[in-house]
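In: quick check, what structure comes out for this input:
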Amino acid sequence: MTGIAGLAAALARHADRTTTGAGDMLRRLRMIEQSARTGIATVDTLVELTQLDSGRIRCHRVTVEIQQIVAAAVGMCAAITGQAQRVTAESAAGPILVRTDPVLAKPVVAELITNALVAGSATDVRVRAVAREDTALIEVTDDGCGIAPEEQAAIFEPFVRGESAADGTAGLGLHLARRRAQLIGAGLTVRSRRGSGSTFTLALPIQQDQIAVTQPTCVAGSGK
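Out: Okay, here's the model as predicted:
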């Protein structure tokens, strides 16, 4: 599939746009490339889920500022979706230290942002890091289509897709996000109403010797 995607992209780049029917040819090549890349992503996800099941992926905890995880996740989504202007990141006034595996935590937050932009049809996404007593929270809030209460438990199950999910998606992103969260000892929950957007929350234990700071202030993000 990687070869198919690369060949389709190369043919599209070199297509003669002046040739009769070139526009339709380019469209079909882009469809082939996108389908192949979607397939690659699905296979990669299934491989990671298999590794999680077998215990081959381990959690390596270090002390890290939760703000660094947020910034890295926002940057990852900007590179993937090209929609950085629709994401704003906020954080507490001081550093919030947690003991976690940032390599596993970052893609969890990135998946929540991507899910809001793609599956949730959001035009604006806010990512907020705050401390609440002994817990650090990363909240991803969007203004998208929302999720009905009776559907919220199911969205973390494998192969479940929302009504607004793009064609070709496998419905594995949120399931993998929760599996990663469980591995690092974090909670992952959702609050939502149909037509009123959603808030996904990743909850991590704060490092014990830190004093929590709860007043939020904008630290990153490009806004609209």
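In: buried set for the helix or strand residue 128 falls within?
Out: Using DSSP states H and E, residue 128 falls within strand 125-132. Using 16 or more other CB atoms under 10 Å as the test for burial, strand 125-132 gives 125-131. (Glycine included, C-beta is placed from N, CA and C.)
In: with distance to residue 137 and pLDDT added, can I get these in a markdown table?
Out: Listed next are the buried residues of strand 125-132 as a markdown table, based on distance: CB to CB, whole Å; pLDDT from 0 to 100:
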| residue | distance to residue 137 | pLDDT |
| --- | --- | --- |
| 125 | 16 | 92 |
| 126 | 13 | 93 |
| 127 | 11 | 94 |
| 128 | 8 | 93 |
| 129 | 7 | 93 |
| 130 | 5 | 92 |
| 131 | 7 | 91 |
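In: from those, pick the one nearest residue 88.
Out: Here the nearest of these to residue 88, counting by CB to CB, is residue 126; it sits at 5.2 Å.
In: give the contact list for that closest one.
Out: Residues counted as contacts of residue 126 (CB atoms under 8 Å, 6 or more residues apart in numbering) are 87-90, 139-142.
In: picking that back up, ok, the strand holding residue 128: who's next to it in the sheet?
Out: Taking DSSP bridges as the criterion, strand 125-132 sits next to strand 87-92 (parallel), strand 135-142 (antiparallel) in its sheet.
In: of the ones you listed, which is nearest residue 100?
Out: Per CB to CB, nearest to residue 100 of the strands paired with strand 125-132: strand 135-142, 8.9 Å.
In: what mean pLDDT does the longest helix anywhere in the chain get?
Out: Across the chain, the helix with the greatest residue count (assigned by DSSP state H) is helix 22-54. For helix 22-54, mean pLDDT is 75.
In: re earlier: what is the nearest of the buried residues of strand 125-132 to residue 27?
Out: Nearest member of the buried residues of strand 125-132 to residue 27, counting by CB to CB, is residue 125, at 29.2 Å.
In: may I have the beta-bridge partners of that closest one?
Out: Beta-bridge partners recorded for residue 125 (DSSP bridges): residue 87, residue 142.
In: ok, back up a step: who are the packing partners of the longest helix of the chain?
Out: Applying 3 or more CB pairs under 8 Å, 6 or more residues apart in numbering; DSSP states H and E, one finds that helix 22-54 contacts helix 2-14, helix 173-183.
In: contacting residues around the helix or strand just after the shortest one?
Out: What that stands for is helix 173-183. Next helix or strand after helix 173-183 toward the C-terminus (DSSP H and E): strand 187-192. Here strand 187-192 makes contact (CB under 8 Å, 6+ apart) with 108, 146-147, 149, 152, 155-156, 177-178, 181-182, 198-203.
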